[in-house]
Each structure stands twice: as structure tokens, then as C-alpha cells.
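Undergrad: Sequence unavailable; structure follows:
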């Protein structure tokens, strides 16, 4: 069999599943099991890197046909390739981190953990590479289901309650709103394929608006307020899950879906005719600010980060709803930049937990003296989230602002400005507390903790945010075909 | 030598400072850091001299975004030079201090300020603008007290707010004009207004000024020197670049020049007094920019140049006092000239510069602005500026010198400031005198060529009268104990708006929001459990619908359904 | 007639009758045997034979091929009894026989676990009779004969359910309830047939169809239709005539439940399609109106209320039983739509539901055998103890929810399409509500299965699941997936069936 | 041990010659000198020219009057201002400060 993009597509979907099987088979031998996870992650990243190369050719893969226009179909395009690259690339780092975290905290049922993790990654790949709404929906649901055991991992009442809310909201919104949306698109246009320029041009603005609302709230993973509560509740999961899934794979799958629906189902031009788009842009703006305010009130580090995520995700929704080329570009970049920033924050949060069993912000006084690298990584991640140079997080803000202005919604800039301020207010005190409060005595650190991997991993991603700042050129070159030449077919 | 330096042609001086700063952060040895703090500015200065031709260098092509990192022209040259000079002076001044955090931060702060001045487009400007915010914050955090941390956070928030507002305005500007280029902007559009507000936030526009007296007094002794030098002057540069000749700026500048008078008189913290004096000084520059024209811009530039140095000198003096006595409260100091006579000398030189005494740099700079206002027939502005310089500048300078070094001897017998501090102060003091006497040196670097003689009899005479008059009033007020100074008081300023009112509103809002959410949650919870109970009663195995029905029930259903079908069939059309 | 595509022509020619006769005949020796295993062998032989005939018949009636008419004893219809196979019942026969084979594989270990040794051969004998009866219902072309087969299938069913008494005494009351209610249903049906005979003078379905098309506005016909619909509706567990079903499914032996869930209501459902769309016709206003104003509301009520009831069950089999009632609602909704697309969707869901419920009940049987649990809270941690079985159960549950790329999604998709074509948005809403409820009741089971930790006190050893169970279980579970992705074969099957129902299968 | 000698003991060598500056009389002398200079300057300007010595002929050049009035007004207003806007020194720190910092210490 020769090496073709189609084969690589299939491989990207199957590799994690094979890895999952391997993890199950080697459950009794932890070292081998982790080796399988790592090897799978690396192999997947290589395959996805190849896919990124091949994405300009837009290869397609149809596995099955349910009805005309309703297929199990995969199609590679730059947005998806980018998302796949982010998810698979960070999976490697996160796997390293998982090993440190899970062992450092003596977590139980680690085989199930790693298995579900691989399945989740497979689902994320499916979302990234999906070629139509139906396939997207399928993998979207698969991701919800596969991550459920991870969220409920601890198995105590609190974890179960959090996980129930998690799954309940995600399933209810997806089946109650997203799925009807998929059906409606099919009923109105006869296809659910992701098509350059969108497929909705024949649909009236009212129906289009209703559909847009269905998608905006139905894709609950995008955590647009008020369907966000699942995200803070998902924080009962072990930190590697929060780090990769609830900062990268799951939430990004949500906003990626929204972006994809907007770009390839609605089409940017059609979006301009929808009154609901303007309203939803404001909802997203409100979500940005409100979630930041909520983040302020949280003392639990992960809860604060979760609300921060809610806020940051709405940047993408906002960009998608404004739907000017630059706003969409900013939204797409935010997927990458926020992924790196937030995974850093979560991994450091986990590192602090592993090292000193501290989970509340008010307990962090002076810990920076014991964990300088961890806190430095946190600082970098926070600065990237806030959006200051020279960290990657600044670019989405630049393009979203320009996009909002050129999209005729300059007042949305106020939301972004407000969010930046709030970000400073809730993120930086954590670092300041760590570095500038007096060193606590005696040392709160648990002997031998955290393992080196628990701070190396966030350091890598933190440096990644710096690299991304300078790598913006290639990134935009890669993405811009989606938003410029293809916007108006 | 020229060959060696010419290699640097086209290299932005900013990189030397930033690189030195990063290295300083990385180097654990204090000696190495101190060397870097000296070498960075020297390298930057070399690069400044090496690049002779004006033009755009250091174009950083990031693909779709092209950053012009080094635009050298008449305007940017002045500011860059003074920033480099002051960072060198600060390096000397701070030689005694061993603080890794602030050493690196000060260098990067200076470097990013230089970088911002050289930015040819607004995106680059924004990057360096934000970098100045980030790099300067550790200078406040380093104090370590909770109060300083809060102040630092407020400071940082406002600085970053200014940055993102700049970005927002620039984004709107770019979407309107299609270009990120940073040139004259004007207030003709919303984008322009937002940009002006963003810059104004850093320049200390009225009501946007509150962070200056809030943060500066809380920085470290060395930190306040650096803080006073860069941020606000950078904003003045941006105003001069983008908003020269805006009439609104004259009004704004006048307010800035005048309102601090009350605070200068009542504030007890001498660094806060200086901070208000700084706002007044900025007001002069803003007026000059508002007046515009070659003379106005030159006046703003000259004032920025001289002002950076003499304000830094004043803050250095107070830094030395703070180092030795641990306080800069007017009510706790006095008679220090006895133990710190050298510092006192520098304080007097600085004060004379601040007051604009002839032969000092303040005089040659300030007369430019007054002349510009006069030439452009802004007579009211002219009069008010004279008033402001009497009421604010001079009283603040007198106040600092008097209360710290003379006045009531509180028996403080401390060591004289370290030699290295003296050296730093001496450099600044030298520049104050040198530029005042050899004024063509100052005028030579200004953006526009001009033929201007500051030392005319009228000017000198008038200025001397002004000075003496103020001193008389000050002396009389002291003599009759009319000076309204009280220890341990907080003077409210616009920061009350967010520190008290805003804070309280936010708390109230958060509390109300929490209540609301709780109430909603309660009602929702009650409703859900009610529905659940009802549903359970209905559907559960023991519930109404699931009882093991007697077969008769079933028969009944069957009959009902049969009747239903028959009825429907009966009424159906054939 | 294209006989002989698969089997030797001599056999193929008699396929319709042999399919019914062989199990019926085998039931007698099975009852006489002492060994349960031998009886099982006979049952298996009968089922496999029937399966082969069903394949033959299915192949023969594919596509546009006309139906097969077989005159029993060479008495020509309409006087003699006619067996008639077309696209509609060929699909059903295939489903029925395939279910029987798969269920019987599962039966061997399951029955040995649940039924007393001396009753086993009787058990298999009774099963053969039920099987033959159901096959007869599906094959016959004679209205009265259909009643006879219905009773043939029903009476041993009561006995089979009652045999669950070895596990739970409530099986007896459930069986009795079913007996009473089933008899009511059968009686209603036969009364309806009587009315038709009164009006037309014939019992042959094709003949009935021909004569009824001339009898417009005949009240007797309308009343006959009403009785038949209600009678068969009861057998098909149409809400609210489903009251017999939860008890019967919950307390019958696992094997019986598995088999019945996949077949019994389906056959009655087939009867409704056959009578409503073939014998009568939707062109008759009263048929269409009955479907629109009676069946559809009941179907929707069933979909939602029964799902809600399922939500609160603590016994998993009862949960699934209520779920079955809800699923019947989906099928009925397809009929209620009253178009060919709707009927196709209904048939599609009939086939798919057999796959999912077969898998689910079989998995439950496996749990019962190896762990002895039926209540939801006892499922805690089973996912790790019995991963393969649990995975199969999960697949079935996902299919039940209607996750894309499972058969459950395919049939729901076609159902929604049919509803939308008719302009029934409310039906779509109902389907979605019911689906969400399905999510929640499946969630309750799955969360215990996979996530909840095993209780510390559960020292009870878990037996390995026999391969005899695992095999058919996996086949069924994977069918949910395979036909969910490659839906074409079953969709074609359903569409052929619907076409057959609408185009009056056999030319007289 | 008197206070001045005591204070002289800790003095910097360079400051010793100037120790007399702290006496109240030195201050008064300085004040009188300044007052004389101011009055003299004013008189000079009034006598010698009408505004000719000041910077610009068209602006009345009595600079010393302006700052006298300005500074005096400012200082006197300061009293009112102190009464109006000054608060105890711990005014801001009494409120718990920032929301995030509230729960510690």
C-alpha cells in the first residue's frame, strides 16, 4: 500500500485506537503501558504532521454512506489539520506529564485512564478531520462519552456529580440543539458536507439565524454562556485531563466545530446577512467578560482556570460570529495560542498539587521559592493568555480586534479590552503570591515531589508560546487560504 | 573606532538593552549583572551614534505582518537618546543594589521604551508598549509588602489597559486606513480618540493620571527613578508623533499642569509630591504638543529630555534618603543636610532645574514652551502655565528640599548615601547644569532646527522674579505655620474611583450576582426536585403508571382505544 | 417465481411451508426427549433450517421480484389457505429466523443456568412452537389462519414466561396477566376478521384486499378494521396496551426475553402493516385518519411516557422493557405518518430494534449468568470485570440512544426525514425528547457499569461468560455498528418491504 | 549634653560648616533677604520700564505678584482640601483591598 494522504487520514483515526488497545492489553505492566501511550502519541504527531503538509490538496475519505449527502466522511483542510496538530502535539507533552502526575499522586485505575485518553484523542482526531456535519457530530458525541470516565475518575460523590453535570449538559445540548441543527441543514440544503463558501446561500435569514443559534448553543463544548457550567464541573478530573482535554481537545473541539460550521456550512458572506450573528457576537462578548468576573471569585486554582477557559473560548465564538476574514483568522489562531497557554497553566496547577498538595490559590504564598520553574511557566502561560508580547497569545487579540473593527463591530473591542484587564486581575496575583510572598517554613513540599516531568512539561509548552509568537508568519500563511481566497468562492 | 561602530548601523539600540536585561535575569552573580547594566546602555548608545541616516531599519517580516522595529528620525532620536542616557545613569546609581529581579527589569524596561520610541508601526509600538508595562511592574512588586503588590497590580492593570486600548484603537485605525503605520493620527475618528485616550492613560491625562501618584511612591527606591523616566515620557513621544497640534491637548495639558497644585501642597509622601510635580511637568509638554509647530514640538522634546534627567535626579535623591532613613514622609524627615550634605547639594541642583532657574536645564527647556504658547497667541494658556510653574513645580521642589534636608531637625543621623549613588546623582546633576549652560547641546538634538536664544534679559529677569516670589510665599507659609501637612493621611485622588467606589461597586455587584445566582439555583433546584418527585411518583416501579395493573384495566384501555378508532373511522370521509 | 436461488429447487419450492412446518414438527420429539441438550439440538436444527429457508425466500423476493404465493395442500386460494411471501414478510422472516438462531446459541448456557433440568426439553419444545407460530403469522396469507398462528405462538409463550418462576415467582402473575391480555388481543383480532368475513365473504388477504377496495363506506369494514388494529396493537404493545409487556419481559427467563424482544412484538407489528396498508389501504380515509389521530398520538405518548418510566426503573430488564414500549412508539410513529417513507422507517426501526434489544437483553443474560445481577445498582464496576460483555451492552445502548453510525441513528434519521416530508415537526421534537430520555436511562446503567467503582463487599466471584453467549452477543452488537455504517442493505430491505406493503405484494 | 552638640556629633564632615543653617534665625534672615529681593525686583521693573524687563512687552510682567497670589491661594486652599479629601492613612488598606487578596493574611 502506498503512502497517500487518504491512508494517513485513516491512520490518524486508527492509530489512537490501536494505542488504546495496546494500553488495555498491557494494563498490568505500567511501564510498557505508558511506553505505548507515548509511542502512539509520537506516531500520531508524525502522521498529523504529514497531514498538515498534505492539507493543501484537500484529500477526502468516504467510509460509508447512510443516505445521499449523509456520509461517514473525512476531509482534510487547514483548520482541521491545525487542530489535529495542536491536539496531537500537545498530547505527547501531556502524556509525559500524565505519567508524572498519575504516579506522583498514586491515582487508581490508571489503565482505564490511559485507555480513555487515547479514545478521546481518537475522537478529537475524528472531529478535526471530519468532512461533514454528521461525522463531526458523531465524533463530538464520542468525545463526550469517552471523556466521561476521565472526569469521573476519582469515583467519589463529588466526581460523579461533576461528571453527571458534565455529560448531562453536553449530551442534552448536543442532542437537543446540535442534532436538530444538523438535520435542519440536511433538510434545507440536502447536504451536510463542509463546503468552501458554505451551503446555506439559499436559506432565508430567519431560518439561518435560528440554525446559527442552534449551533452556537448546541455545540456545548464551546462553553458559550449559559451552557458553560459543565466546564467548571469537569475540573473534578485529574489535572492531566483538565490540561489536555478541558483546555485543548474537548473545548477546542467545541469552538473548532463552531468555526467549521461558520466557515464551511454558513460561509462568511452568508453570516453577514444573519441578524443572529450580531446578537451572538454580543453574547460571546458578554460571556468573555462575565466568565472572567466569575474567575475572580474562585479561590480554587483549577476552577479559576476553568472560568478563564470559558472566557477565552468565547473569543473564538466571537470571532466566528463577527465572521470577517481577520476575525476568523484571529479565532483560528486563538485555538492554537490558547491551547498552549492554558495547558501550561493547568499543568503547573497540577504540578503544584503534586508537589505540595495545594489546590487553593490562598495556599500558594511563597511557593514560588520552592518551585521557581513551575511558577515561571505559570507566569509565561498567564501572560500569553492575557495577550502580551512576546507570547503567542497576543496575536489572536490583534486580529480579533482588527477583525471586529473591519467587521463593523468595533465596540466588541471593549469586551476584549475588559477581558484583558480581568485576566491580569485573576491570573497575575497567583504568580505574585508565589514569588513575592515570604517563603513558607517549614517546606510544604512532599518529599521527592513533584517529579521533574511535572515541571519540564509546562516549561516546554510555556516556551512554545514564545515560539508561537515568532512563528506567526508560517501559521498565518498556512491558515489564510481558508479565510481569504476561499471565503468568496 | 568608526569602523567598529559602523557595524551597528541600523541595529536598534533597544536590542542591546533588552538583551542585557535578559542576560541579567539569567545571571546569578551580582557583579555580572552590574556590568551588564552598564554595558547595555553603552552598546545602545554606540548603536544610536552609529546609525547616522534617518530611515527605517530592523524590518521584521513575520509573513503577513511586517514590523518596523527601528524608525530613526528627528523625533525618535531625542527620546531614545535620553532613555539610553538615563538607563546608564540609573545603572551607576543602582550599583549598590543586589536585586536580580529589578536589575533585569530596569534594563528591559529601558529597552522596550527605546523600542517603542523607534517603532515605525502601531503593532510594534503596541508590543513594546506592553513590554514596558510588564518590565516595569517588578520594580513595584519587588518591595514585597502586600500594599506594594496591590499597587503593582493596579499599576500593571492600567498599563496593560493602555496597551490594549492602543491595540484596539490601532486595529480600528488599521481597518479604516488599511495601514498600521504610526504617523499623525488626529482626533477625527473614533479610532483616533481611542488611541489618544490609550496614550493619555500613560501620559497621565486628568482622571487617567491616578496611577502615577499611586504607584510611584510604592516602588523601590531605585525603581521609582526608572519609573519616572520612561513610561510617561514615552507617552509624550507618542502624543507628539500622533497628535501634534490638537487643540484639545492644550486644555488637557493645562488641567494637568494646574490641578496637582493642591496635591503637591497636601501630600505628605515626598515621592508622591514629586509624582504630582511630574504630572504638572507632563502637562507642560502636553500643552506644547497641543500648540504644535516646530517650536511646540521642540519644546515638548526639550522638556522631555531635560525633565527625564531632573526628575530622575529628584527621585534619586529621595531614593538615597529612603535607603538611609527608611522613609520619605515629610513629617518624619528634616535636617538631613547635616548627615547627607552631598545628597543635599544634588537635591538643590535638581530642585533648581525643576523650578527652572536660569543656568539649569529646566529653564532652557521651559522657556521654549512658554515662547511657543506666546507665539501662537495662546495667552490664557501662557498665563496659566506661568501660574502652574509657580504653584506646582516650584513649591514641590522647595518642599522636597526643605522638608527632607532642612526644616525641623528630627535628629536623624544617618550615613551619607553610597558613593555609587552619588556618582549616579552627580551624572544627572552634571547634565542638568551642562544642558542649562551649554544649551545648544540640548537644542542640537531636538527634532527641528531653530534659532532660539533662551538667555534674554527679559526671560532671566522674569524667571528670577517668579522663583523668588514663590520662595517668599513658601517661606512665609512656613514661618507662619500655614503649611497644611499632616502625618499619616491618605489624600483622595481619582484612584478613589476604582480603589474605593469601583471596588465597592464590584463587591456589591459580585455579592448581588451571587445572591441572584443562588436564588436562581435554589428555585431551579426546588423546581427540579419537585418535578423529579412528581415524575418519580408517576413513573417509578411503585408509581402511578407502573403498578401491576389488573387485567381489567387493560381491557378498559382496549375498549377505549377501540372506541377511539371506531369514532375516527366513523367520522372519516369515505 | 424465482425459486431455487440458494437451496435445491425441490426444497425451495416448498420453502414457505417448510419454514413453518419443520419447527412445528420438531417440537413434538423435542417434548418427548429427556435430555435438554438434545432438545436444544432439535430446536437449533429447526431454527437453522428455517433460517436457510428465510434466506431463500428473501433472495427470491428481493427488489422488484413479485411475491411468492404458496397454496397449502394445493388448494388454490382464496378457498384454500395461502402462504404468501413478499418483500415485507421476507424481511421479517429473515429477522425472525436469524434472531432465533442467535438466541438459541445463547440459550444453551442460559437455559442451563435458569431452568430446571427436567423442564428443559419441554422448554425447547415450547420454544419451537412459539417459533413456528410466529413464522406462521409472518408467512400466511389467510386472515383467519393468521389468528390461528397467533394463538399457536401465544399460548406456549405464556408457558415460557411462567418458567421464569424458578428465578422469580412474579413470573407467574406476569404470565397470567399476559395470558389474559393476550387473549383479549387475539379475540379482538378474530372478531375483526369475523366482521371482514361478514362484509366480504373471504378470508384470504389478497382476496380481501381486492374486495375491500370496492366496499367504500361500509361500516362493518370500518368496525372490523378497528378490532383488528386494537387486537394487533395489543400484541405489538402499543401504548397504552403495553401493560403486559414489562412484567413479561422482566420475569421471563433471559433467553425468552431476548427472543421475544427481538421478535414477538415485531410480528404483531407486521400484522398491523399487512392489514392496514395491504389488506386495507391508506387510500381509505378511515385508515389514514385512524393512524393520524389515534396511532400517532399514542405512539408519541408511548415514546415519551414509556421512556420516562424507563428512567425510573431499578431493574435493568424492566428498564429495557419500558424502553421497548417506547421503541414500539417509534415504529408506530412511522406507520402513523402513513406514507411509504414512514412505513419504511417503521420497518427499518423494527429490524434495527431487534438488533439493539437482542444485544441488550443478551448482554443482560450474560450478566445474569456470570454475576447474577439484574438491578442497576448491582452493575457497579461490571465494566472492568466483564469488559467485552459490557462493551457489547454499551454498543446496544448507544444504538438505542441513536448515536450516529449505529443502526439506531439510521432508523431515527429516516423516521425524522419521513416526518419532515410530511411536515410533522412535532414528531421530530417528540423523537428528540424521547432520545434525550433514552440518553438518561442508558446513562444510568452505563455509569454504573463503567465508572462506579466495584463495591468493596462484592466478593462474589465472577464467572467467565461462555463463548456460546459471547459469540452471538458480539455478532448482534457488531451488527449494530456495521449496519449503522453500511446502512444500505437494511435500508433497502425496509424500503422493499414498504414498497411491498403499498403495492399489494402478490398479483392475484 | 545639649541637643545641638549631640546633633553635631553625628554630622557629616562636609556639613559641619553649615550647621548654623538650622537655627531659626538663619531661616528668618533668608526670608527677609528674599522678601527684599522680591520687592526690589518689583520696584525696579516698575520704575525702569512698564513691563520692559519682563519677557514680553504685551504681557504685564509683574511675575512676582502672580506667584505670590498663586502660591498663597494654593497653600490656603490646601487647608480646605485637606479637610475635604484627606482620610486616615489606612483608608484603602482597611477595605480588604483587591478581591483576590481578601482571604489571606
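TA: Nice, I can see it. Just so you know, these numbers come straight off a predicted model, no measurement behind them.

Undergrad: Show me what from the stretch 151-300 of chain A comes close to chain B.
TA: Residues of the stretch 151-300 of chain A lying close to chain B by C-beta under 8 Å from any C-beta of the partner chain are A:293, A:296-297. C-betas here are computed from N, CA, C, even on glycine.

Undergrad: At which residues are the strands of the chain located?
TA: As the question left the chain open, I've gone with chain A. Ranges of strands within chain A are A:60-67, A:70-75, based on DSSP state E.

Undergrad: I was thinking of chain C, sorry if that wasn't clear
TA: C:68-71, C:82-85.

Undergrad: Most tightly packed of those?
TA: strand C:82-85 (a mean of 26; mean count of other C-beta atoms under 10 Å in any protein chain shown).

Undergrad: what does it contact?
TA: Applying C-beta atoms under 8 Å, 6 or more residues apart in numbering or on different chains, the contact partners of strand C:82-85 are C:16-17, C:20, C:57, C:60-61, C:67-72, C:93, C:139-142, C:204-206, C:505-506.

Undergrad: how about the residues of chain A that lie near chain C?
TA: A:24, A:63-67, A:70, A:72, A:112, A:134-135, A:137-138, A:141-142, A:145, A:148-149, A:152, A:155, A:160, A:163-164, A:167-168, A:171-172, A:175-176, A:179-180, A:183, A:187.

Undergrad: The residue of the stretch 1-150 of chain A found nearest chain D: how many residues sit nearby?
TA: At 25.6 Å from chain D, residue A:105 is the closest residue in the stretch 1-150 of chain A, using C-beta to the nearest C-beta. Residues lying near residue A:105 (other C-beta atoms under 10 Å in any protein chain shown) number 17.

Undergrad: how far away is it from residue A:303?
TA: Separation of residue A:105 from residue A:303 (C-beta to C-beta, to the nearest Å) stands at 19 Å.

Undergrad: Residue C:94 now?
TA: Counting by C-beta to C-beta, the gap from residue C:94 to residue A:303 is 56 Å.

Undergrad: quick one: low-confidence parts of chain B?
TA: B:1-6, B:62-64, B:487-488, B:540-551, B:574 (pLDDT under 70).

Undergrad: Name the single longest helix found in it.
TA: Looking across chain B with DSSP state H, the single longest helix is helix B:503-539.

Undergrad: helices and strands around that helix, which ones?
TA: Helix B:503-539 sits against helix A:275-296, helix C:307-311, with contacts defined as 3 or more C-beta pairs under 8 Å, 6 or more residues apart in numbering or on different chains; DSSP states H and E.

Undergrad: coming back round to it: can you redo the strands of chain C as CSV with mean pLDDT?
TA: Output for the strands of chain C, formatted as CSV (pLDDT from 0 to 100):
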stretch, mean pLDDT
strand C:68-71, 81
strand C:82-85, 86
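
Undergrad: quick one, which of those is nearest to residue A:272?
TA: Residue A:272 sits nearest to strand C:82-85 of all the strands of chain C, at 58.7 Å, using C-beta to C-beta.

Undergrad: before we move on, back to that, for the helices and strands packed on helix B:503-539, which one sits closest to residue B:398?
TA: Here helix A:275-296 is closest among the helices and strands packed on helix B:503-539 (C-beta to C-beta), at 44.5 Å.

Undergrad: average pLDDT across the closest one?
TA: For helix A:275-296, the mean pLDDT works out to 88.

Undergrad: how far is that helix from where the chain is centred?
TA: Relative to its chain's centre, helix A:275-296 lies at 18 Å (C-alpha atoms, centre = their mean, to the nearest Å).

Undergrad: And stretch C:285-298, by the same measure?
TA: Centre-to-centre, stretch C:285-298 and its host chain are 22 Å apart (C-alpha atoms, centre = their mean).

Undergrad: what does it rub up against?
TA: B:561, B:564-565, B:568-574, C:222, C:225-226, C:229, C:233, C:238-240, C:276, C:280-282, C:329, C:332-333, C:335-338, C:427.

Undergrad: Tell me the buried residues in stretch A:407-426?
TA: A:407, A:409-410, A:412-413, A:415-426 (16 or more other C-beta atoms under 10 Å in any protein chain shown).

Undergrad: In helices, which of those residues appear?
TA: Reading helices off the buried residues of stretch A:407-426 with DSSP H, I get A:412-413, A:415-426.

Undergrad: near chain D too, which of these?
TA: Answer for those near chain D (C-beta under 8 Å from any C-beta): A:425-426.

Undergrad: which one of the ones in helices among the buried residues of stretch A:407-426 is nearest chain C?
TA: residue A:426 (32.1 Å).

Undergrad: Run a quick check on that closest one versus residue A:297, I expect a contact.
TA: No - the pair residue A:426 and residue A:297 does not pass the contact test of C-beta atoms under 8 Å, sitting 9.0 Å apart.

Undergrad: okay, now the residue in chain A positioned nearest to chain B: neighbour count?
TA: Per C-beta to the nearest C-beta, residue A:473 is where chain A lies closest to chain B, at 2.5 Å. Using other C-beta under 10 Å, residue A:473 is surrounded by 15 other residues.
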